[in-house]
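structure for the following, please:
(chains A and B)
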Amino acid sequence: MFQTIVPLFVDALANAALIFFVAFGLTLVFSVLRILNVAHGSFYSIGAYVSASIGLWIVSAGLNPWLTFPALLVSAALVAALFGPLIERTLVQWTYGRGEAVQILMTFGLFLILEDLQRLVFGVSSYYEDTPVALLGSIEIGGIIYLNYQLLLIALAVVALVAMRVFIGHTRMGRLLAVVVADREISEALGIDTRRMFTIAFTLGIFLAALGGALATPTAGVAPGLGADTMVLAFAVAAIGGLGQVEGAALAAVIVAAARVLAIYLFPALDAVAPYLVMLIVLLVRPYGLFGKPAIRRI
Amino acid sequence: MRKPIPLLVAALALLLLVPVAFPHLKFVITLAVAKGFAALGVALLLRGGLISLGHAMYFAIGAYATAFLGSKAGVSDLVLLLVASTAVAALAGLVFGAFLVRYRAIFFAMLNLAVSMVIFALTSKLYGITGGTDGLRVAVPTVLGWAPGKAAFDGFLFYLCILLMVVLGWLVHRYLQSPLGHALSAIHTNEVRLEYLGVSAWQTLLTSYTISAALAGLGGALAAMSIGHVLPEFAFWTESGHLVLTAVLGGIGGVAGAFIGSVFLEILHTVAVGVAAEAWNLIIGLALICVIFFLPRGIYGLIEARRGSTKETGL
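Numbers count the residues shown, from 1 in each chain, chains lettered A, B, ... in the order given. So this is what the prediction gives:
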């Protein structure tokens, strides 16, 4: 049983690490901007398309294949720089202070536009580029073979979590962000440029989603519809952890991975249902998620 | 505020002429009205200030109920199918709604999404029962003993949809004018004050949630008969998003809004498929953002004659 469960769990965890990046971005944007970005999953698939295109170009141009690793990071940064400030400054900014219905609708409109833009730019065929996986090879531990790349994904998720903690706690910019999250009005009164903070947080959120997508291309590839599928999974992970709670999202990613393994092991047909079932159960018991705090009802 | 009755009657008369003037639009309009019922359900909740990102599940439940009853239980009568499917969706709405309507804002949206994704995943995975991603076929039903062919049935279904739209639209309108309907709008305005008046927000919302699920279920049943096939994609979250989009585009100020939005979108879709099939989502995405920016009351708000009071019924 150990021989089947552990590889399954590592596989599920590597997938969960990718979703965690998206949920991380989603939850970051929510905690700073108080906006649920329905188009967030699209940046995952755009990141995936861009990194796959760059990776394929590197290989076909005969460049050093190890360049595909920095290319993953560069493509995520490209997507974030291209879309982040532009979208935040135009569409998202307009919805501040309006109801959540408007915010959800606005970002849903954006989601529809981005879905078709991807189809128009990248076509409808799927992209697959696995140079990084091939380069890293595999490792055998206790008679079980693991892909090094998958272990790298899990490690990267942990690194991202720690890096964010250091960023928030020990840098000027991070502390300013924490102040904006804690109290928007007071931080404005203190002279913090909250608009700039919003743009930075939104761009950072997109970067994380695009990074998740870029990291996903070597193992999973990318095809149309990926954005919509990722969106709901990221929703589920972010909601289980509690919207705005990064550690919560990390724990939720592990729980979802465990639930999927359990489902594959016990009822294979329920594999895809597991994340949503966990979300439903957690939200029914704790509507604000595992780490979330209930909001005060104002009269 | 005066209701634009003459305009609506004129639009209705135009619709009735469709099978004669544009026979190929008959299917489009039938489907539009079917989806309009679901959009009306979403619009009801929007009036109470709740946005559901999972209402496509009731549409799917209604559609699958029709397919099941037809293929597994051997029910072939149209009236029986419609009533039973609507009842199944309403029951599902009552059960899920009993705990869902305790939540507000984003949590309501996300919990609906979670339930709908469970339904979506189950319908696409339980191959033995639901046919998996292949879906189920829906046979042409009989109408009170009359067994029409596909073409004759399509013609009949078109007029039935229009009739149901008028009758049920009027009933929902009456509901919104009733104290219960006003309580629903009051939840949006100030829920705590409403509870101080002794009105239970939970009961008010559960009633409206159940009605909205029933409407979506009826829409799903009609769509299943019209298309002749049901698919798990009916319950996917983007479909729920489209329902909200339809409701907002049409306008939630009046019952007609949801149907106007739906018919407008379906006709636009038919036109766009010929011109720019690849960019359909792009077009409606842009349309949605434009409506949010410039037309917060939707198309219905545009045709509604304003007189005296200018109560904001937009988002």
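
how much space separates residue B:237 from chain A?
Plainly put, residue B:237 is 6 Å away from chain A if you go by C-beta to the nearest C-beta, to the nearest Å. Bear in mind the C-beta positions are built from the backbone N, C-alpha and C, glycine included.

who touches that residue in this structure?
If a contact means C-beta atoms under 8 Å, 6 or more residues apart in numbering or on different chains, then residue B:237 has A:228, A:231-232, B:53-54, B:56, B:113, B:116-117, B:120 as its contacts.

next one: residue B:247
B:39-40, B:42-43, B:46, B:257-258, B:261.

so which residues of the chain form strands?
Because you didn't say which chain, this covers chain A. Using DSSP state E, the strands of chain A run over A:138-141, A:144-147.

hmm, no, I was thinking of chain B.
B:136-137, B:229-230.

what's near enough to touch the residue of the stretch 1-150 of chain A found nearest chain B?
Nearest residue of the stretch 1-150 of chain A to chain B: residue A:112, at 3.3 Å (C-beta to the nearest C-beta). Going by C-beta under 8 Å, 6+ apart, residue A:112 touches B:281-282, B:284-285, B:288.

just the pLDDT at the residue lying farthest from the centre of chain B, thanks.
Computed with C-alpha atoms, centre = their mean, the residue of chain B farthest from its C-alpha average is residue B:196, at 32.5 Å. What the model reports as pLDDT for residue B:196 is 85.

got the contact list for residue A:32?
By C-beta under 8 Å, 6+ apart, the residues touching residue A:32 are A:177, A:180-181, A:197-198, A:201-202.

again, only this time at 6 Å
Contact analysis of residue A:32 by C-beta atoms under 6 Å, 6 or more residues apart in numbering or on different chains lists A:181, A:201.

swap in the one 3 residues further on?
The neighbours of residue A:35, taking C-beta under 6 Å, 6+ apart as the test, are residue A:103.

quick check on it: phi, psi?
Backbone torsions of residue A:35, given as degrees, to the nearest 10, read phi -130, psi 130.

distance of it from residue A:237?
18 Å (C-beta to C-beta, to the nearest Å).

picking up where we left off before, of the strands of chain A, which stretch is the most buried?
strand A:144-147 (a mean of 14; mean count of other C-beta atoms under 10 Å in any protein chain shown).

how many residues are close by the residue in the stretch 201-315 of chain B positioned nearest to chain A?
Nearest to chain A in the stretch 201-315 of chain B, going by C-beta to the nearest C-beta, is residue B:285, at a distance of 3.3 Å. When counting by other C-beta atoms under 10 Å in any protein chain shown, one arrives at 23 neighbours for residue B:285.

please tell me I have it right and it contacts residue A:111.
No. The criterion here is C-beta atoms under 6 Å, and residue B:285 misses it with residue A:111 at 7.3 Å.

top helix in chain A by residue count?
helix A:2-33 (DSSP state H).

buried residues, it. List them.
A:7-33 (16 or more other C-beta atoms under 10 Å in any protein chain shown).

also stretch A:142-161?
Neighbour-count burial for stretch A:142-161, counted by 16+ other C-beta under 10 Å, picks out A:146-147, A:149-154, A:156-157, A:160.

where in chain A is pLDDT low?
When residues are selected by pLDDT under 70, those of chain A lie in A:1-2, A:294-299.

so what's the residue nearest the centre of chain B up against?
With distances taken as C-alpha atoms, centre = their mean, the residue of chain B nearest its centroid is residue B:38 (1.0 Å). Applying C-beta under 6 Å, 6+ apart to residue B:38 gives the contacts B:59, B:216, B:219, B:243.

which bits of the stretch 201-315 of chain B sit near chain A?
By the rule C-beta under 6 Å from any C-beta of the partner chain, the part of the stretch 201-315 of chain B lying against chain A is B:237-238, B:241, B:248, B:279, B:281-282, B:285, B:288-289, B:292, B:315.

which of these fall within helices?
B:237-238, B:241, B:248, B:281-282, B:285, B:288-289, B:292.

and which of these is nearest to residue A:168?
Taking C-beta to C-beta as the measure, residue B:237 is the one of those closest to residue A:168, at 31.2 Å.

give me the phi and psi for residue A:171.
When read as degrees, to the nearest 10, the backbone of residue A:171 gives phi -120, psi 160.

run a quick neighbour tally on the nearest residue to residue B:283 once chain neighbours are set aside.
Using C-beta to C-beta, 6 or more residues apart in numbering or on different chains and skipping residues adjacent in sequence, the residue nearest residue B:283 is residue B:272, 5.8 Å away. Number of residues near residue B:272 (other C-beta under 10 Å) recorded here: 17.

with residue B:132 instead?
16.

roughly how far apart are it and residue B:123?
Distance from residue B:132 to residue B:123, counting by C-beta to C-beta: 8 Å.

over to residue A:197?
Applying C-beta to C-beta, the value for residue A:197 to residue B:123 is 43 Å.

swap in residue A:82?
Per C-beta to C-beta, residue A:82 is found 37 Å from residue B:123.

the two: which has the busier surroundings?
Between residue A:82 and residue B:123, counted using other C-beta under 10 Å, residue B:123 has the larger neighbour count: 27 against 15.

thinking again about what came up before, the residue nearest to residue B:283 touches residue B:279, doesn't it?
No. With contacts counted by C-beta under 6 Å, residue B:272 stays clear of residue B:279, the gap being 7.7 Å.
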